[in-house]
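K.L.:
missing the sequence, but the structure's below:
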């Protein structure tokens, strides 16, 4: 772990390239459950205790009876996660660092027909990136860092197709692109 605050944890992990290189993982902090205000009001819980209920602490009435926090709260969504793997050759071990992320960005510099060159230069193919995503149980794969030998059309027709053969939820990265992780999760 290299950074943590109330909303996110950032960790890094080793990649294998011709020069030292690391990947990053960003994990949203666990979210508090949602208070069911109507249920809390029906149970007679004073507003001053709402924060405690969201923290999972039960409310104890003056007569000693208990209002369980779980009876007046609903679970929040699962925290979002994203990982970034820049220059790297294919390594199964990378999947351990990015397990379960909603979105995995993984370089895919050269197509499968140039896999030997990709390995020699410390890069991955789209198929190899897809293998990492599949092993990791990622929600989606975002491919990027393409060789200049590919045009936008060949990226779409060749590189994306190679990845989708292994991992159907693959996408291509584009400059200035915005990806909504919550919306991606809903598409799964």
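P.N.:
Arrived safely. Owing to the predicted nature of the structure, the values given are computational and were not obtained by experimental measurement.
K.L.:
distance from the chain centre to stretch 90-98, please.
P.N.:
Stretch 90-98 sits 14 Å away from the centroid of its parent chain (Cα atoms, centre = their mean, to the nearest Å).
K.L.:
what's the span of that stretch, first residue to last?
P.N.:
Stretch 90-98 has an end-to-end distance of 14 Å (Cα to Cα, to the nearest Å).
K.L.:
next, the buried residues of it.
P.N.:
Within stretch 90-98, the residues that count as buried by 16 or more other Cβ atoms under 10 Å are 90-91, 94-95, 97-98. Quick note: C-beta positions are derived from backbone N, CA and C, even for glycine.
K.L.:
quick one, strands of this structure?
P.N.:
3-4, 8-14, 22-28, 34-35, 59-60, 66-67, 73-74, 81-85, 103-107, 140-144, 170-172 (DSSP state E).
K.L.:
which elements pack onto the biggest helix by length in the chain?
P.N.:
Criterion DSSP state H: the longest helix present in the chain is helix 126-136. When contacts are defined as 3 or more Cβ pairs under 8 Å, 6 or more residues apart in numbering; DSSP states H and E, helix 126-136 packs onto helix 94-97, strand 103-107, helix 115-120, strand 140-144, helix 160-166, strand 170-172.
K.L.:
partners of the last one in the sheet?
P.N.:
Which is strand 170-172. Strand pairing for strand 170-172, determined by DSSP bridges: strand 140-144 (parallel).
K.L.:
now do the partner strand: distance to the chain's middle.
P.N.:
With Cα atoms, centre = their mean as the basis, strand 140-144 stands 11 Å off its chain's centre.
K.L.:
now do that strand and strand 103-107, the angle between them.
P.N.:
Interaxial angle, strand 140-144 versus strand 103-107 (axes from the mean of the first three to the mean of the last three Cα atoms, to 10 degrees): 30 degrees.
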